[in-house]
Every structure is written in structure tokens, then in C-alpha cells.
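Visitor: From the sequence below, what's the structure:
(4 chains)
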Number of protein chains: 2
Amino acid sequence: MTTSPRKPSESAVRRLSLYLRALEELQAEGEVSAPSELLALRAGTTAAQVRKDLSAFGSFGRRGLGYPIDSLRVRLHEILGLSRKWRVALIGAGRIGAALFEYPHFRKRGFEIVAIFDADPEKTGTRWRDITIRPAAEMEEGIQSEKVQIVILAVPATSAQTVAARAVSAGVSGILNFAPVQLQLPPNVEVNDVDMAVELEALTFSLHARKRS
Amino acid sequence: MTTSPRKPSESAVRRLSLYLRALEELQAEGEVSAPSELLALRAGTTAAQVRKDLSAFGSFGRRGLGYPIDSLRVRLHEILGLSRKWRVALIGAGRIGAALFEYPHFRKRGFEIVAIFDADPEKTGTRWRDITIRPAAEMEEGIQSEKVQIVILAVPATSAQTVAARAVSAGVSGILNFAPVQLQLPPNVEVNDVDMAVELEALTFSLHARKRS
DNA sequence: ACTTTCTTGTGAAGAATTTCACAACCGAAG
DNA sequence: CTTCGGTTGTGAAATTCTTCACAAGAAAGT
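Guide: Numbers count the residues shown, from 1 in each chain, chains lettered A, B, ... in the order given. Okay, here's the model as predicted:
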């Protein structure tokens, strides 16, 4: 009721995530409240932007004092959908998969990896922590029985489209895609692409362009 | 001379990278030319956007025919700064570092990892392919002697700022940062952040928000 | 109570980006 | 040599995003 109905932009949402991280840091440092300027510094943006972003969800700050860290943290947690548990499956137990499986921030945020699948028979049957890697053929069944909502797709580009479509048909509604392909999926599936080649090339573009100016 | 001087936006550059990938795919499939609509499909954007993006760098397409794949591919390669070799150092030989070291797309694009550093004495001295992992203390010296231009930063969040500052002082001009911290560095250093937590949270935000609409 | 200092929330201005829409152009076919 | 289906390049319009700037609120000191 107090929450405004306007849908924030993709980039605004990413900034919210950065604010949340900044608040966690500040809280760990013993701070109790923080002005927009400090949040901006920690999140790599401007104070005005912070205020605009946050005001889209309500009035959290107190004039003269800044934002109360703990309650804003809780609120952002809620807004980002982190107050519920998410059941995640990892598809692809290669190096990227391994790195993501161990990534400490995922666990900290309540993402629970409940299943791992891989097409390689050499890998299936082995265990990572307490999860056994299952063959790709069991994917649909596993996704359903484990009630998986989100899939981390860390398979080669060549199989990504097929595997993603299968995961969706099994009921997955969100995909974090590390394969360098544009997935063609029904619009009711949320896909977020992470493409390291693109990131590196954005860097080389800037470095390369410098010489001309 | 024919190239326009207007600096494209960050997101436009990322799209260029996606177009390049699409062109490589299409060429591998035996295509010779492609209309903007097809590139749009493969890059996850719209035809008008493709044309606007490309026209910012010159007139590559031919009306009625589409874009000639090979020559546009070469041109984008050049524009993105990929026609020269980049000397890259990997800092942090953990799981993320290992995944990135093996990431096939980096090699394919001419990124040469010429040095690896890690603070853990257990790891230093071991070899990945033909590169010996060197101790963090040798970082400055190694960056200079190997003429490293770009650093892939895959260290824990707690040490990222210090390590990044040291790399910069040794002469690095671009950083691909995987640590979940906002690096505070001089503005002449290009930094590109890759934050998997942010990506996942952007996903949960969307999934969570659905129920309300 | 009053003044000072600090900082939010926000309308309005400004900037940037995306979409629209269509003239100009291309090759082919008749 | 004219017409036709297809497609680019691009101003202009529309939309979205960011920055500005300032009234309003909050505490603390006098």
C-alpha cells in the first residue's frame, strides 16, 4: 500500500543490490545510519541517484540523519525478493559451475543449491559437498522433485539453448545464464545473462578508444 | 576519417560485442550477409537498435541486402580493440580464477594470460598450463616485466582494493573486477565489475515482483 | 525559542537512449 | 527502363534515466 507501483528499471534494481551490500558492510563496521552520499560512494553512484532509487519504494531516510542502516537493509532484502528461500539447480559441473557452487555470497543470501546436473558420465555420481552430480537425462525429473525455481546455466554454448528449454519445460522460472548465447525462451521466463567476453571487450574498447582522444 | 567521433554509450559497446559474436556464429553457419533483424534476434535486441548502433561507426550495410558478415565482423573486431593483443594477468588463483583461465572465449579473442599471482603459498610455484603461479609479493615486478595492461581481479573482497591499487601503481590500465567491492581508483583506470550476486538478485527481484502484478 | 548544520524527498530540467517512420537505395525480374 | 520486394541509414518523436536545486524536516547548541 505504501509501496509505489512503478516498476524500477533494470539498472535501478542492480543498484538496489549494491546498496544492500553497502549497508551490510557498514553494519559490519558498526555504523547505525548512513547518508545517501556514503551509500553512493560504496555503490559507485551519486547521492541524488541513491535518494531517487530508494524513494521509489517509500520514505526510508530521516532528514538530517541519513538512512537507518538496519531497517533499510531489511527492507531492501525484502524488495529484492531475498526474504524467501530460493531453490537453485546448477547445470554444468565444469570450472565455472564449480566456482559458482563455492561462491560464498550465494549461500549468504539464502540461495540453496539443491541439485547439480552434468552431461559428462565421468562427473556424474561424484559429490560436491553433500550433493551428488546427476546425469543430464534426469534433469526434468530432478527439477520437479526438488522444486527448483532458478537454474544457473553453466554449460557450453552449443548445448545451452536445448538445456535451457528443457529446464523451462520442467517448470523453472528464472535462469542465470553464463553461456555466451542469446537464449530463445518464452517471455514468462526471466533470464539474466552474464557474459565475461562482453565485459572484457567493453574494457578493451575503452582502452583502445583512449588513444584517439 | 569516416569514423564518427561520438562516443557510444556503455550499453551500446556491449551490444557491439554481442553483434560480433552473432556474426561469428552466422559465418560459421555459412552465411555471407545478414539483415539487421537477424542480428537483433541473435543479440537479443531490436533491428532499429542494431542499425543505430552500427551507423554510429559508419555505413556498413547495403540496402536491400543487409550487412556483409565478414567485413562487418572484421570492423567490429577492430572497433572493440581486439585487433591488437592484450597482455593480461590473473590475480587470484582460486576457483573463479581457474574458471576464467580456462574460459575458451578469452583465448579465441586474443587475450593472452601472461602471469598469475596468488597470495596463498600453497599455490605459488604450481603451474597452470605453462604459467607458474607467482606470489603476490612479486606482483608489481611481474606486471612491469610482462608488460601487463589488463588485470583480471579474482581475489576475496577484503583484499581487492589493496591489490587493485598495487596493480594500478605498477602500470595496469584496465581491471576486470570479480570481487564484490566498489574499487576506489584514479579515473584514468578503466574498471569493469562483474558481480554474480547482483545478477542473481536482479533475477529474484523480477521473480518476486511478478506475484504483485 | 531561535539559529545553525545537516540531509532527505522530489518536482522540474536536462541528458541520453530507444523507437518510429520513411526516403533512399539495391538487385532482380519482366 | 520500370516496377517490386526487401532493407539500410537517419532525422524526429517518444521515452527513459539522471542530475539539479531547493523546500522541508531533524537534531543540537545557545
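
Visitor: elements contacting the helix or strand containing A:Ala40?
Guide: Assigned by DSSP states H and E, A:Ala40 belongs to helix A:36-43. Packing partners of helix A:36-43 (3 or more Cβ pairs under 8 Å, 6 or more residues apart in numbering or on different chains; DSSP states H and E): helix A:10-28, helix A:47-55. C-betas here are computed from N, CA, C, even on glycine.

Visitor: Starting from the helix or strand following the shortest one, tell me which strands it pairs with and how they run.
Guide: If you walk from helix A:47-55 toward the C-terminus, the next helix or strand you reach (DSSP H and E) is strand A:67-68. Take DSSP bridges as the rule and strand A:67-68 pairs in its sheet with strand A:33-34 (antiparallel).

Visitor: Any idea which of the helices and strands packed on helix A:36-43 gets closest to A:Arg107?
Guide: Closest of the helices and strands packed on helix A:36-43 to A:Arg107 is helix A:10-28, at 14.2 Å (criterion: Cβ to Cβ).

Visitor: counting contacts, what elements does the helix or strand of chain A with the lowest mean pLDDT pack onto?
Guide: When the helices and strands of chain A are scored by mean pLDDT, DSSP states H and E, helix A:104-108 comes last with a mean of 89. Helices and strands touching helix A:104-108, by 3+ Cβ pairs under 8 Å, 6+ apart, are helix B:196-210.

Visitor: Chain A against DNA strand C: which residues are in contact?
Guide: A:34-37, A:47-48, A:51-52, A:54-55, A:59-67 (Cβ under 7 Å from any atom of the strand).

Visitor: Pull out the buried members of those residues.
Guide: Buried members of those, scored by 16 or more other Cβ atoms under 10 Å in any protein chain shown, are A:Ala34, A:Pro35, A:Ser36, A:Arg51, A:Leu54, A:Gly61, A:Gly66, A:Tyr67.

Visitor: Correct me if wrong: the third one contacts A:Arg51.
Guide: Looking back up the chat, that one is A:Ser36. Yes: assessed by Cβ atoms under 8 Å, A:Ser36 is found in contact with A:Arg51 at 4.9 Å.

Visitor: Spell out which residues are contacts of both of those two.
Guide: Shared contacts of A:Ser36 and A:Arg51, defined by Cβ atoms under 8 Å, 6 or more residues apart in numbering or on different chains, are found at A:Gly61.

Visitor: that older thread, which among the residues of chain A next to DNA strand C are in contact with DNA strand D?
Guide: Among those, the residues lying close to DNA strand D (Cβ under 7 Å from any atom of the strand) are A:Ala48, A:Arg51, A:Lys52, A:Arg62, A:Arg63, A:Gly64, A:Leu65.

Visitor: picking up where we left off before, how far off centre is the least confident helix or strand of chain A?
Guide: 11 Å (Cα atoms, centre = their mean, to the nearest Å).

Visitor: which of the residues in the helix or strand just after it are buried?
Guide: Later in the chain than helix A:104-108, the nearest helix or strand by DSSP H and E is strand A:111-118. Residues of strand A:111-118 classed as buried by neighbour count (16+ other Cβ under 10 Å): A:Phe111, A:Ile113, A:Val114, A:Ala115, A:Ile116, A:Phe117, A:Asp118.

Visitor: do stretch A:169-178 as well
Guide: A:Ala170, A:Val172, A:Ser173, A:Gly174, A:Ile175, A:Leu176, A:Asn177, A:Phe178.

Visitor: Next: stretch A:127-139.
Guide: A:Trp128, A:Ile131, A:Ile133, A:Arg134, A:Ala136, A:Met139.

Visitor: okay, these in JSON lines with secondary structure next?
Guide: Below are the buried residues of stretch A:127-139 laid out as JSON lines (DSSP: H, G, I helix; E, B strand; the rest coil):
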{"residue": "A:Trp128", "secondary structure": "strand"}
{"residue": "A:Ile131", "secondary structure": "strand"}
{"residue": "A:Ile133", "secondary structure": "strand"}
{"residue": "A:Arg134", "secondary structure": "strand"}
{"residue": "A:Ala136", "secondary structure": "helix"}
{"residue": "A:Met139", "secondary structure": "helix"}
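
Visitor: before we move on, the earlier item: export the buried ones among the residues of chain A next to DNA strand C to TSV and tack on pLDDT?
Guide: Output for those, formatted as TSV (pLDDT from 0 to 100):
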residue	pLDDT
A:Ala34	98
A:Pro35	98
A:Ser36	98
A:Arg51	98
A:Leu54	98
A:Gly61	95
A:Gly66	97
A:Tyr67	98
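
Visitor: Tabulate the CA atom coordinates of the helix or strand encompassing A:Leu90 in PDB.
Guide: Assigning secondary structure by DSSP H and E places A:Leu90 in strand A:86-91. Extracted in PDB, the C-alpha atoms of strand A:86-91 (Å, rounded to 0.1, in the frame of the first residue of the first chain):
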ATOM      1  CA  TRP A  86      15.200 -19.900  -3.500                       C
ATOM      2  CA  ARG A  87      15.800 -23.400  -4.700                       C
ATOM      3  CA  VAL A  88      18.500 -23.400  -7.300                       C
ATOM      4  CA  ALA A  89      19.900 -26.000  -9.600                       C
ATOM      5  CA  LEU A  90      23.400 -25.900 -11.100                       C
ATOM      6  CA  ILE A  91      23.500 -27.200 -14.600                       C
END
